[in-house]
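> Let's see this in three dimensions:
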Amino acid sequence: AFFASKVEHESKHCNGKGFQRPGSSAFDRVYTANQNCGHAYPTFLAVLWCAGLLCSQAPAAFAGLMYLFVRQKYFVGYLGERTQSTPGYLFGKRIILFLFLMSVAGILNYYLIFFFGSDFEMYIKTMTSAISPLLLIP
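Okay, here's the model as predicted:
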């Protein structure tokens, strides 16, 4: 909602109708940042859901909240110079990778239980709980 309101606000400040505003670099930056965030959101939801379901809910929820904060930082950085959005983008990639690895660990644990009868769920939950605060390091 914040991103959409920023696009609407910038749209009202530009002269002309519709979304085609040649020469309005501020509007183009806001609109592009909104589109980038919208395109990354389904991937985020998929890995967040899989990590929470297959591995551990608390670290997945923490990483999800961090990702939403980072996307906000990316969006605000995109409104300035494009180089200001790079730290938010890289930080977001790291969080998505963490959630993906949590999902893979949960899937591997399922197959270890299914084929060999060994359960590493407690070790995986302990590791993800210990690693998730490291996401705060920029």
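> any idea how far the helix or strand hosting residue 28 is from the chain center?
For residue 28, the element it lies in under DSSP states H and E is helix 25-54. Helix 25-54 sits 6 Å away from the centroid of its parent chain (Cα atoms, centre = their mean, to the nearest Å).
> who does the helix or strand just after it touch, helix- and strand-wise?
Scanning forward in sequence from helix 25-54 by DSSP H and E, the next helix or strand is helix 57-79. Other helices and strands packing on helix 57-79, by 3 or more Cβ pairs under 8 Å, 6 or more residues apart in numbering; DSSP states H and E, are helix 2-13, helix 25-54, helix 86-116, helix 121-131. Where you see a C-beta, it was placed from the backbone N, CA and C, and this is true even at glycine.
> Identify whichever of these lies nearest to residue 69.
Evaluated over the helices and strands packed on helix 57-79, closeness to residue 69 peaks at helix 86-116, with 9.1 Å, by Cβ to Cβ.
> elements contacting the closest one?
Helices and strands touching helix 86-116, by 3+ Cβ pairs under 8 Å, 6+ apart, are helix 25-54, helix 57-79, helix 121-131.
> highest average neighbour count across the ones you listed?
helix 57-79 (a mean of 18; mean count of other Cβ atoms under 10 Å).
> the inter-axis angle of it versus helix 121-131?
Relative orientation of helix 57-79 versus helix 121-131 (axes from the mean of the first three to the mean of the last three Cα atoms, to 10 degrees): 30 degrees.
> pLDDT score for residue 96?
Predicted confidence (pLDDT) for residue 96: 94.
> So which of the helices and strands packed on helix 86-116 is nearest residue 104?
That would be helix 25-54 among these, by Cβ to Cβ, at 8.7 Å.
> Quick one: residues contacting the residue positioned nearest the centre of the chain.
Geometric centre of the chain, nearest residue: residue 67, 4.0 Å, by Cα atoms, centre = their mean. For residue 67, the contacting residues are 44, 48, 92, 95, 96, 99, by Cβ atoms under 8 Å, 6 or more residues apart in numbering.
> Could you dump the helices and strands packed on helix 86-116 into TSV and include distance to residue 104 and mean pLDDT?
Formatted as TSV, those follow (distance: least, Cβ to Cβ, whole Å; pLDDT from 0 to 100):
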stretch	distance to residue 104	mean pLDDT
helix 25-54	9	85
helix 57-79	13	88
helix 121-131	10	86
